[in-house]
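Asks: Sequence first, then the predicted structure:
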Amino acid sequence: MSDWSKATRPIPVPNEWTKPFWDAANRGVLELQRCQSCGHFQHPPYATCTQCVATDLKFEAVRGAGTIYAYTIMYHTGDKRFASVVPYASIIVELDAAPGALMAGNLLEAEYTEAKVGRRVEVVFEKLNDNITLPQFRLARTNSTE
Amino acid sequence: MWENRCKVAVSGVGFSKVTRSAEVPLAAHALTAVKEAVADAGLKMSDLDGLATYPELPATGHAEVDGISIVSVNCMMAMLKLPNLSWHIQVGTTNIGGAVQQAVNALLAGVCKYAVVWRAMHNPRGTYQNLPGAYAQGAAQFMAPYGFGGPGQGMAVAYTRWLERHNQNREKMATLAVTQRRHTQHNPHAYFYGTPLTREDYLNSRMVAYPFCLFDCDIPVQGAVAIVLTTADRARDLKPRPAYLAGYGQRLHFEVAGRIGSLADYMEGGRSSAKLTWERSGFSPQDVDVAQIYDGFSASVIYGLESYGFCKEGEALDFIQDGRIELDGELPLNTFGGSLGTGRIHGLWHIIEGALQASDRAGSRQVKGANVSFVGASAPIVTGTTFIFVREPY
């Protein structure tokens, strides 16, 4: 199992679009940008709704339960920041509450071989420093399918 | 059908030496390829009056130095000092296929007579995707912290989605790698010319980013290729048999910057480009005699075969089996070896091979009786373009 304390994760730099997402994550809440016109959730944050082009967008809390949409297992050690944790699973998650809004993460607290398309996962939060907390995922412990 | 079909043709092709590392500045490679393409067409350098390229270096974290790591239009203009230059362009939203299409448009508009398009590719020293830095800005802030670095992982996630959704097996990809490497042995310009690859080599090779092993990824190289295009009436007066352009298309689908491309996005990119090409040329996938489909990562061939309409979704790894993509098969594929055989030069080599096959100039790898020659240049989602070349104008 990868010991993630040995990886040097690059620290996200929030900008005017993304700051509410990171502020919420810092409070241990997953908030995604939602179109107030058509109700569509999207990620990453953007200037307009990617579905209906409306500009009235707000961040709303969503439940962190979803499924693995896709994944890759990294073996290559070219990126020295992550060389000490290979092989590791980088996963793409589709949340039950926000279909189509795909989020990246790692599969924490599990062997990389546990990553499979369709597996149920739930959000956990990994504090990087006082300002930035990363939403992450682990295999679901509750049997909820929403 | 397109009123301009078969009004522009490819008349010359040129290649520099392809090397693993940069032994001479990239500008020298580009110059060799351009001069060779002009000579192949039977033209003089002073006949050239149009220049087009897509100069991007796909590596990350390396300085962009014109003439060393890229060869821009300005660089080429300064080197050649063409006395009759009348038009030039450098493209952005499409890869090198877009530069070829712009040259076609310029020729049709009558603003130049003989255009050259080149693609020069550098292999920087050190790690190709050089991703140092303690911070992740812009779109990378949602990917880089999770260890998503180079494009390989981005392509790999769509591939796992495809494999597991369609209950498929990555070991079937060995057929593509081995067949293309066999085709490579008919292409003396290719990096892997003289280096065979067996099914066992593929199956035993090290993983890079699962499901991609080493032989699913094209090898970074230094080299350049070039192509001379002209109007069909001028092409008929030149030495080589023309490869007539019957139609082209470009991807019309894109997701907002930083959004993770879903498998559906990959498919829509390819479908939109191919639809234009089928409609403009009047052909359909069943009419195609030979195909070149971009293969910087092997899985691009899957998305290409399926989104262009050669087979149904989920079937591409079965489609390539049983000799179908051999030189004498039902759909000879990447007959020059593909990027997996030549090294990473991007899609212009696919376009060159499509033209050579259509003009019966592909030597020992020529597909007999090939008339309709299809090209999918670049990965469908990112910068995809499609082309059809034909031997007989219609």
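Replies: That came through fine.
Asks: okay, CA-based contacts and neighbour counts for the rest of this
Replies: Will do.
Asks: What helix or strand is residue A:106 located in?
Replies: For residue A:106, the host element (DSSP states H and E) is strand A:102-108.
Asks: mind listing what's buried in stretch B:60-73?
Replies: Using 16 or more other CA atoms under 10 Å in any protein chain shown as the test for burial, stretch B:60-73 gives B:60, B:62, B:66, B:67, B:68, B:69, B:70, B:71, B:72, B:73.
Asks: cool, stretch B:117-133 as well?
Replies: B:117-124, B:127-131.
Asks: and that stretch, C-alpha only, in PDB?
Replies: Output of stretch B:117-133 as PDB, limited to C-alpha atoms (Å, rounded to 0.1, in the frame of the first residue of the first chain):
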ATOM      1  CA  VAL B 117       4.000  21.700 -44.400                       C
ATOM      2  CA  TRP B 118       6.500  20.300 -41.900                       C
ATOM      3  CA  ARG B 119       6.400  18.800 -38.400                       C
ATOM      4  CA  ALA B 120       9.600  18.900 -36.400                       C
ATOM      5  CA  MET B 121       9.800  17.200 -33.100                       C
ATOM      6  CA  HIS B 122      12.400  17.600 -30.400                       C
ATOM      7  CA  ASN B 123      13.400  15.200 -27.700                       C
ATOM      8  CA  PRO B 124      14.600  17.200 -24.700                       C
ATOM      9  CA  ARG B 125      17.300  16.100 -22.400                       C
ATOM     10  CA  GLY B 126      16.200  14.700 -19.000                       C
ATOM     11  CA  THR B 127      12.700  13.600 -18.100                       C
ATOM     12  CA  TYR B 128      10.200  14.200 -21.000                       C
ATOM     13  CA  GLN B 129       7.300  15.300 -18.700                       C
ATOM     14  CA  ASN B 130       9.400  17.400 -16.400                       C
ATOM     15  CA  LEU B 131       6.900  18.400 -13.600                       C
ATOM     16  CA  PRO B 132       8.800  20.000 -10.800                       C
ATOM     17  CA  GLY B 133       7.300  22.700  -8.700                       C
END
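Asks: which one is residue B:60 nearest to, not counting chain neighbours?
Replies: Closest residue in space to residue B:60, ignoring its immediate chain neighbours: residue B:129 at 4.7 Å, by CA to CA, 6 or more residues apart in numbering or on different chains.
Asks: anything in stretch A:2-17 near chain B?
Replies: Yes. Counting by CA under 8 Å from any CA of the partner chain, chain B has neighbours in stretch A:2-17: A:8, A:9, A:10, A:11, A:12, A:13, A:14, A:15.
Asks: That stretch: end-to-end distance?
Replies: Taking CA to CA, to the nearest Å, the first and last residues of stretch A:2-17 lie 32 Å apart.
Asks: mind listing what's buried in it?
Replies: Neighbour-count burial for stretch A:2-17 flags A:2, A:4, A:7, A:8, A:9, A:10, A:11, A:12, A:13, A:14 (criterion: 16+ other CA under 10 Å).
Asks: Take those residues and keep only those in strands.
Replies: In this view, the buried residues of stretch A:2-17 that belong to strands under DSSP state E are A:11, A:12.
Asks: biggest separation within the buried residues of stretch A:2-17, which pair?
Replies: Spatially, the most separated pair among these is A:2 and A:14, at 27.0 Å (CA to CA).
Asks: Can you tell me which of the buried residues of stretch A:2-17 is nearest residue B:56?
Replies: Nearest member of the buried residues of stretch A:2-17 to residue B:56, counting by CA to CA, is residue A:10, at 25.1 Å.
Asks: Now do stretch B:163-182: everything it contacts.
Replies: The contact list for stretch B:163-182 (CA atoms under 8 Å, 6 or more residues apart in numbering or on different chains) reads A:116-117, B:162, B:192, B:196-199, B:202-203, B:211, B:215-216, B:298, B:314, B:317-318, B:320-321, B:325-326, B:333-338, B:340-341.
Asks: Perfect, that will be all.
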